[in-house]
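Participant: output the structure for:
(one chain, ligands or ions: 1)
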Amino acid sequence: MLDSFIFVVMPYAALALMIFVTPYRYFSNRLTWTAYSTQFLERDKLFWGSVPWHFGILLVLLGHFAGVVCPHGMARLLANQQMLVLLESIGLAAGLLALLGSVMLLLRRINDGTLKRVTFCSDWVLLYLLIMQAATGIYIATFMRWGSVWYLHTAVPYFYSLLSFKPELGYVADFPLIFKLHSAGAFLILALLPFTKLVHLLFWPLAFLRDPPILYRWRSQRGNSRDF
Ligand code: HEM
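Facilitator: Residues are numbered from 1 along each chain as shown. Coordinates of the predicted model:
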């Protein structure tokens, strides 16, 4: 019952929300399609949280996607023992970087009254969820060796079965709870994407390159103004 919920209901519900709610948000309220930057309010801790988080998680997700897009190539690559250890180490380091970054982003908001006031409930939920996702991933990578290989023979065929609308639970049903939590977390993040600031992930920021720089004008109490 729990397996069917996690591995059938959750992925399809998440996909449906992504497909229908995301364009709705784009066309009905284009201005909310943003990461709501708080760099104005605090920039130092943001740097130490945001940079490791983004570099770490992008590398980790690249590894997850490589297995889905090119399973045979990855299997050939990982058959070489040195390559396996190298790629697993890079994945683990990237995961740790993502975890440290996300914890930093959470602490930054918890410890700053001004930031707290501009943090929505969805921001808190998302931050805790991303931390849990990174932590369960690191647990799997550390204690369930060698995940990058067995992922290719279990999670990847399961994803293909989902895509062909014939979900095969047999590939994933026997895994320990931690793997199921990690998968449920992934589907939940996907489901929340169109409702939270995570939607900025779908923004291809090429148009920014053509934008003129923004001019901020600071008005002091004496009435004279300065440009930045
Ligand atoms: C259903 C979808 C997913 C499955 C089946 C899955 C599976 C796995 C597996 C098997 C590992 C261990 C890899 C290893 O031992 O090297 C792992 C690690 C990890 N996962 Fe996932 N994952 C999923 C989605 C996600 C998502 C959406 C995120 C982040 C938003 C994420 C974040 C991580 C992190 C941070 C690690 C640790 C770093 C690493 O070793 O690669 N995972 N995941």
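
Participant: and the strands in this structure?
Facilitator: Taking DSSP state E to define them, one finds strands in the chain at 217-219, 225-227.

Participant: can you name the residues of the chain sitting close to the ligand?
Facilitator: By Cβ under 6 Å from any ligand atom, the part of the chain that sits against the ligand consists of 57, 60, 63-64, 88, 91-92, 95, 98, 133-134, 137-138, 140-141, 147-148, 151, 155, 182-183, 186, 189. C-betas here are computed from N, CA, C, even on glycine.

Participant: mark which of those are buried, thanks.
Facilitator: 57, 60, 63-64, 88, 91-92, 95, 98, 133-134, 137-138, 140-141, 147-148, 151, 155, 182-183, 186, 189 (16 or more other Cβ atoms under 10 Å).

Participant: from the residues of the chain next to the ligand, which land in helices?
Facilitator: 57, 60, 63-64, 88, 91-92, 95, 98, 133-134, 137-138, 140-141, 147-148, 151, 155, 182-183, 186, 189 (DSSP state H).

Participant: now tell me which helix or strand of this protein has the poorest mean pLDDT.
Facilitator: strand 225-227 (a mean of 51; mean pLDDT, DSSP states H and E).

Participant: please name the nearest non-neighbouring residue to residue 90.
Facilitator: The shortest distance from residue 90 to any non-neighbouring residue, by Cβ to Cβ, 6 or more residues apart in numbering, is to residue 59 (7.1 Å).
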